[in-house]
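Student: how would this look folded up:
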Amino acid sequence: MIRAEKTDLRREAGQRTRDGLQTAALELLSQRGQEGVTLREITDRAGANVAAVSYHFGSLKKLCDTAIEHALERYLDDKILELDSLASTATLHDVAAAFARPMVRALAAGGQDLDVMRTVARVGIDPPQGWHRLDGKFEQSRRGVVRVLAPNLPGVGEEELHFRTRCAAGLLNWLALAPIGTELAALSAEQIERLLVPVVAGAFRGDTPADH
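Tutor: Down below sits the predicted model:
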């Protein structure tokens, strides 16, 4: 019994160390990207030794890849949840609000939520090797956007809807990294959403035949 309890305690301690290293890596990745992160900075921030990285992840690169994949997966899960909650009768404003909401929450909350979004924004330019593991979730997210956008933009083909969606996502990612994102972070989630949703809706709407 005592041996089992000691094993459980070691396992819990190991998991705390692993989680701490991943959190520290995510914080630094969000600030500098993959090229600006060192092993020593991560271990100092996590309060762990260098050997712990090798033990839990194998290498600095694998640790960074794991943190990035975690950020991407969390972002996609939030986006899919918001889009899946929309009815087929959702307005363009509703779609834009759901699409922007994960970023709105992150800007208002700061901390690790914003670290996730900043990391997603950075790796969108230079995707990690594990990116393809999430292809199914990326596709699910794209389908979710098209499902609710298409009824609002009947004159726009699916390929163009995907393009506008990517542009809207790029706009939100830019906010996570640009100085204006810091300005928005001083506002409440409701205030950020009020400012941001019309801009995202405009990116979706574009210059469609219905506008003329």
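Student: with only the CA atoms kept, save the helix or strand where A52 lies in PDB.
Tutor: Taking DSSP states H and E as the criterion, the element that holds A52 is helix 50-56. Provided in PDB are the C-alpha atoms of helix 50-56 (Å, rounded to 0.1, in the frame of the first residue of the first chain):
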ATOM      1  CA  VAL A  50      17.600  20.600 -17.600                       C
ATOM      2  CA  ALA A  51      17.400  16.800 -17.300                       C
ATOM      3  CA  ALA A  52      13.700  17.000 -16.800                       C
ATOM      4  CA  VAL A  53      13.200  18.200 -20.400                       C
ATOM      5  CA  SER A  54      15.000  15.200 -21.800                       C
ATOM      6  CA  TYR A  55      13.100  12.900 -19.400                       C
ATOM      7  CA  HIS A  56       9.600  14.200 -20.200                       C
END
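Student: next secondary structure element downstream of it?
Tutor: Downstream of helix 50-56, the next assigned helix or strand under DSSP H and E is helix 60-84.
Student: just give the nearest non-adjacent residue to the residue nearest the centre of the chain, would you?
Tutor: Centroid-nearest residue in the chain, with CA atoms, centre = their mean: Y75, separated by 3.3 Å. Distances taken as CB to CB, 6 or more residues apart in numbering place V120 nearest to Y75, at 4.8 Å, with adjacent residues excluded. Just so you know, the C-beta spots here come from the backbone N, C-alpha and C atoms, and that holds for glycine as well.
Student: quick one: that neighbour and A71 touch, right?
Tutor: Yes - distance between V120 and A71: 5.5 Å, which falls inside the contact criterion (CB atoms under 8 Å).
Student: more neighbours, the two?
Tutor: A71 (26 against 23; other CB atoms under 10 Å).
Student: residues contacting that one?
Tutor: By CB atoms under 8 Å, 6 or more residues apart in numbering, the contact list for A71 reads L26, L29, D115, V116, T119, V120, V123.
Student: need the pLDDT of it.
Tutor: Confidence at A71, expressed as pLDDT, is 87.
Student: what separates it from R133, distance-wise?
Tutor: Noted for A71: a distance of 13 Å to R133, by CB to CB, to the nearest Å.
Student: again with A186
Tutor: 36 Å.
Student: so where's the chain uncertain?
Tutor: Along the chain, segments meeting pLDDT under 70 span 1-9, 126-131, 207-212.
Student: quick check: longest helix of it.
Tutor: Longest helix in the chain, counting residues (DSSP state H): helix 2-32.
Student: relative to helix 60-84, how tilted is that one?
Tutor: 80 degrees (axes from the mean of the first three to the mean of the last three CA atoms, to 10 degrees).
Student: in whatever helix or strand comes next after helix 2-32, what's buried?
Tutor: For helix 2-32, the following helix or strand on the C-terminal side (DSSP H and E) is helix 39-46. Across helix 39-46, burial judged by 16 or more other CB atoms under 10 Å covers I42, T43, A46.
Student: now flag whichever of the residues you listed is closest to R143.
Tutor: In terms of CB to CB, no member of those lies closer to R143 than I42, at 36.4 Å.
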